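Engineer: Here you go, sequence then predicted model.
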Amino acid sequence: MKEAFRVRDEMLKVGFDPTITTYKALVLGCCTHHEVEQAKELLKEMKRASDMSDSGLVRYAYSDNSYNFVMYKEGGLEEASDLLPEMLELESGLVPHTLIYDTLIDECCTKGIGTKGSLDEIDKAVAYKDEMISRGIEPTIVTYTLLIVALFEVGRSWGAEDMIKEMQEKGLKLDVYTYNTLMSGYAKCKYIDAHIGIYDEMVEKRIQPNLLAYNTMMLGHCRCSEAQKLFDKMKTSGIKPDHLSYNLLIAGYSYRGGYVKEAFRVRDEMLKNGIDPTFTTYDALILGLRINHEVEQAEELLKEMVSKGICTPDDKKYLILTDMVHRER
């Protein structure tokens, strides 16, 4: 950054005024290097230059939403949070675009559901949404979907439902992605009735479920006959099943004693349609054979996995699977 500012100083020395591009490059650099205070000074300098020249420099800078998005994402959540008040104070009536808040909310949600997640981060994300409303910036369906996903992920289904109600009260129409998010969230929380209700609502509103929606529904029904009906309906709707679709159905049949033949039937259909079985496919079939005490066929599949390059003989998961089969002897 020192070199960048050196060039800027030389620019001033020879009589060239910094342009919007100059300021944008310097602010982005400061954010990337976590030099928040210097970024703030640049914003103030940009404001002074705008006032003196009546060039609208500040307004032009903040109307460039793609730049704002990059600046905040590159700088990180802490820097974005620190710069937000500064931006709001720069000019009366000048507020950041919804995209800025959505970026902050996304960062908080990502932190909150990460391996070292914190519910405080989720609370902070919700607080940003409330701040948007208090500043007269209406949250969009993207804003609510980000929050709904995070709330379901951390087990706060009640919070997700509150967001759904608020979204509907504001007249925001749920799209197919939001419906998929709701179904996935309810499935993870084991709320099967609510999960089915969302699907029924999609059908009632004539919103065509996509591949993700069907797979999510099958995930919730993988141990009952409804999974096959959903699978068939997906195909008649013109949606091609993928690896997950087939694997969910195979697992559903394999884990129910006496239905291993049906699992192999689905595997054969999978091959016929040009989709190669994965480790998950073999794992489900082998466990189904183990439940039925069909050890020899299970051992044949273990050999097939290696011969087809699905895994190596020293693969940890393969060794665990092999050990489980051999215990049946």
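Structural biologist: Yep, it's here.
Engineer: quick one: contacts of whichever strand or helix holds residue 130?
Structural biologist: Using DSSP states H and E, the element containing residue 130 is helix 119-134. Contact with helix 119-134 is made by 98, 101, 104-105, 108-109, 111-113, 138-139, 143-144, 146-147, 150-151, 154, 156, 159, as judged by Cβ atoms under 8 Å, 6 or more residues apart in numbering. In short, each C-beta sits where N, CA and C put it, glycine included.
Engineer: now do stretch 266-274
Structural biologist: Residues outside stretch 266-274 that contact it (Cβ under 8 Å, 6+ apart): 240-241, 246, 249-250, 253, 277, 281, 285.
Engineer: So which of the residues you listed wins on neighbours?
Structural biologist: Using other Cβ atoms under 10 Å as the neighbour test, these are led by residue 250, with 28 neighbours.
Engineer: remind me which residues of the stretch 201-329 of the chain are low pLDDT?
Structural biologist: The stretch 201-329 of the chain contains residues with pLDDT under 70 at 220-225, 257-258, 328-329.
Engineer: show me where it has helices.
Structural biologist: 211-220, 226-236, 243-254, 260-272, 279-291, 295-307, 316-326 (DSSP state H, counting those that start in this stretch).
Engineer: got those as a markdown table, with distance to residue 200 columns?
Structural biologist: Listed next are the helices of the stretch 201-329 of the chain as a markdown table, based on distance: least, Cβ to Cβ, whole Å:
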| stretch | distance to residue 200 |
| --- | --- |
| helix 211-220 | 11 |
| helix 226-236 | 13 |
| helix 243-254 | 20 |
| helix 260-272 | 26 |
| helix 279-291 | 28 |
| helix 295-307 | 38 |
| helix 316-326 | 38 |
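Engineer: mind checking which of the ones you listed is nearest residue 171?
Structural biologist: helix 211-220 (23.3 Å; Cβ to Cβ).
Engineer: What helices and strands are in contact with that closest one?
Structural biologist: Applying 3 or more Cβ pairs under 8 Å, 6 or more residues apart in numbering; DSSP states H and E, we find helix 211-220 packed against helix 176-188, helix 192-204, helix 226-236, helix 243-254.
Engineer: Can I get the ones you listed in JSON lines including distance to residue 216?
Structural biologist: Below are those laid out as JSON lines (distance: least, Cβ to Cβ, whole Å):
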{"stretch": "helix 176-188", "distance to residue 216": "5"}
{"stretch": "helix 192-204", "distance to residue 216": "8"}
{"stretch": "helix 226-236", "distance to residue 216": "10"}
{"stretch": "helix 243-254", "distance to residue 216": "10"}
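Engineer: Which among those is found nearest to residue 293?
Structural biologist: Closest among these, once you apply Cβ to Cβ, is helix 243-254, at 13.7 Å.
Engineer: Give me the angle between the closest one and helix 279-291.
Structural biologist: 0 degrees (axes from the mean of the first three to the mean of the last three Cα atoms, to 10 degrees).
Engineer: Off-centre distance for helix 243-254?
Structural biologist: 23 Å (Cα atoms, centre = their mean, to the nearest Å).
Engineer: same deal with stretch 106-118?
Structural biologist: 12 Å.
Engineer: quick thing: my sequence starts at 240, can you match it?
Structural biologist: Got it, first residue is 240 now, which makes that one stretch 345-357.
Engineer: per-residue pLDDT, residue 382?
Structural biologist: Looking at residue 382, its pLDDT stands at 89.
Engineer: whoops, I mixed them up, residue 311
Structural biologist: Looking at residue 311, the pLDDT reads 44.
Engineer: where's the helix holding residue 369 relative to the chain centroid, distance-wise?
Structural biologist: Here the centre of helix 358-373 is set off from its chain's centre by 18 Å, with Cα atoms, centre = their mean.
Engineer: Equivalent analysis for stretch 519-538, please.
Structural biologist: Its chain's C-alpha centre and that of stretch 519-538 lie 34 Å apart, by Cα atoms, centre = their mean.
Engineer: Could you export it as CSV, keeping only the C-alpha atoms?
Structural biologist: The C-alpha trace of stretch 519-538 is given here as CSV (Å, rounded to 0.1, in the frame of the first residue of the first chain):
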residue,chain,number,x,y,z
THR,A,519,-22.3,-44.2,-1.6
THR,A,520,-24.1,-46.5,-4.0
TYR,A,521,-21.9,-49.5,-3.1
ASP,A,522,-22.0,-48.7,0.6
ALA,A,523,-25.8,-48.8,0.6
LEU,A,524,-26.0,-52.0,-1.4
ILE,A,525,-23.4,-53.8,0.7
LEU,A,526,-25.1,-52.8,3.9
GLY,A,527,-28.4,-54.0,2.5
LEU,A,528,-26.8,-57.4,1.6
ARG,A,529,-25.3,-57.5,5.1
ILE,A,530,-28.7,-57.0,6.7
ASN,A,531,-30.0,-59.9,4.6
HIS,A,532,-26.9,-62.0,5.5
GLU,A,533,-25.9,-62.3,1.8
VAL,A,534,-22.2,-62.1,2.6
GLU,A,535,-20.8,-63.6,-0.6
GLN,A,536,-22.6,-61.1,-2.8
ALA,A,537,-21.4,-58.3,-0.5
GLU,A,538,-17.8,-59.5,-0.9
